[in-house]
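Q: Pasting the sequence and the predicted model now:
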Amino acid sequence: MLLHSGQRSLTEKDACWLGKLKVMWEEDPDPGFVPPKSFREYLARYPDGMREAVEVVARRLGLDLSDDDMNDMAQDLIVMFLDFAATGLEDIFDMYPCRPPMRPWGCQSEQFREYVTLRVMAGMLAMIHTNPTGMDDFGECLGF
């Protein structure tokens, strides 16, 4: 631990070490969480997961999307991610085990939801940027 102005604070190295010892800084809302191994498993376990992630991303990006627009975007992303897996490009969950946690001492279920949200954000932005004319509502929300 480092001393700053007479106070103790944790370095990231200390936090990682404590995380390896399974020290929890907050109560895990889903103890024993095991992340899905594939996108298809994710869809089976969390049928509304993509729609919920689209809503979170829309809010973060400041998009004013209707419920129908968010439903459409979620369906388009599901098709895109399934196509990625079917063509051998990537199942979006293949890389999750390699991703360093944002907060090593945090809850695994929350970190997984954040991972999904980041992948959905990347997918939404890619869809908007590659076809802004076909997605007028989305493009207008971003100023395209």
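A: Thanks, I have it.
Q: the longest helix in the protein is where?
A: Using DSSP state H, we find that the single longest helix of the chain is helix 108-130.
Q: Now do it: which elements does it pack against?
A: Applying 3 or more C-beta pairs under 8 Å, 6 or more residues apart in numbering; DSSP states H and E, one finds that helix 108-130 makes contact with helix 49-61, helix 67-86, helix 136-142. C-beta coordinates here come from the backbone N, C-alpha and C atoms, glycine included.
Q: Take these and lay them out in a markdown table including mean pLDDT.
A: Below are those laid out as a markdown table (pLDDT from 0 to 100):
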| stretch | mean pLDDT |
| --- | --- |
| helix 49-61 | 94 |
| helix 67-86 | 92 |
| helix 136-142 | 49 |
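Q: And the ones you listed: which comes nearest residue 115?
A: Shortest separation from residue 115 across these is recorded for helix 49-61, at 10.0 Å, computed as C-beta to C-beta.
Q: Show residues contacting that closest one.
A: Contacts of helix 49-61 from elsewhere in the structure, counted by C-beta atoms under 8 Å, 6 or more residues apart in numbering, are 42-43, 63, 65, 70-71, 73-74, 77-78, 113, 116-117, 120-121, 124, 141-142.
Q: Pull out the buried positions in that helix.
A: 49-55, 57-58 (16 or more other C-beta atoms under 10 Å).
Q: Report the angle between it and helix 108-130.
A: Between helix 49-61 and helix 108-130, the angle comes out at 70 degrees (axes from the mean of the first three to the mean of the last three C-alpha atoms, to 10 degrees).
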